[in-house]
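Peer 1: Sequence and predicted model, in that order:
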Amino acid sequence: MTPVQTAIVENSFRLVAPIAEPAAAIFYERLFALDPALKPLFARTDIRDQGRKLMQAIGFVVAHLRRPDTLLPAVAALGARHGAYGVQPAHYDTVGQALLETLAEGLGPHFTAEVRNAWAAAYGVLARTMIEATETPRAAA
């Protein structure tokens with residue numbers, strides 16, 4: 001990510017934070033519409049609580065984009081946990097699509113091509129880190 005993309009993500013997240021609860025609901029609606037097979041991964045989960053955790057995680061990521069030495073180990077640990085829950089590398093594309101669609105709806109006219117590209121770049125770094133963390137234990141085994 002470029003410094004400009006980082007600033008764009010930070011600034012646009014300020015518009016998302018006040019609508020965190022409905023944004024999380026939109027995200028999970030989109031996610032399950034895009035891939036209904038993901039719904040069983042959340043069968044024992046309070047989706048509202050999960051939505052709060054999602055928004056807290058996104059907030060953490062945005063707050064630490066300028067500190068990859070802090071961010072990436074935390075994201076890798078999250079990826080390892082998600083792997084244990086049954087999340088597969090292919091699921092990350094669907095999650096990224098759901099995230100971008102949620103941002104488009106939540107930000108409305110503020111969701112420009114530049115904002116979309118910045119969020120896609122941020123998500124790309126996170127997804128790669130999480131996937132690598134999931135695959136590393138398998139490669140070592």
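Peer 2: Happy to help now that I have it. Numbering: from 1, shown residues only.
Peer 1: just checking, Gly28 touches Arg48?
Peer 2: No Gly there; residue 28 is Tyr. No: between Tyr28 and Arg48 there is no contact under C-beta atoms under 8 Å: 9.5 Å. All C-beta atoms are positioned from the backbone trio N, CA, C, and that covers glycine.
Peer 1: mind checking pLDDT for the closest residue to Lys39 other than its chain neighbours?
Peer 2: Using C-beta to C-beta, 6 or more residues apart in numbering and skipping residues adjacent in sequence, the residue nearest Lys39 is Phe32, 5.0 Å away. Phe32 is assigned a pLDDT of 97 by the prediction.
Peer 1: In terms of neighbours, single out the busier of Tyr28 and Arg48.
Peer 2: Tyr28 (20 against 12; other C-beta atoms under 10 Å).
Peer 1: if I look at that one, how far off is Arg67?
Peer 2: 29 Å (C-beta to C-beta, to the nearest Å).
Peer 1: Any idea how far apart the tips of stretch 74-94 sit?
Peer 2: 22 Å (C-alpha to C-alpha, to the nearest Å).
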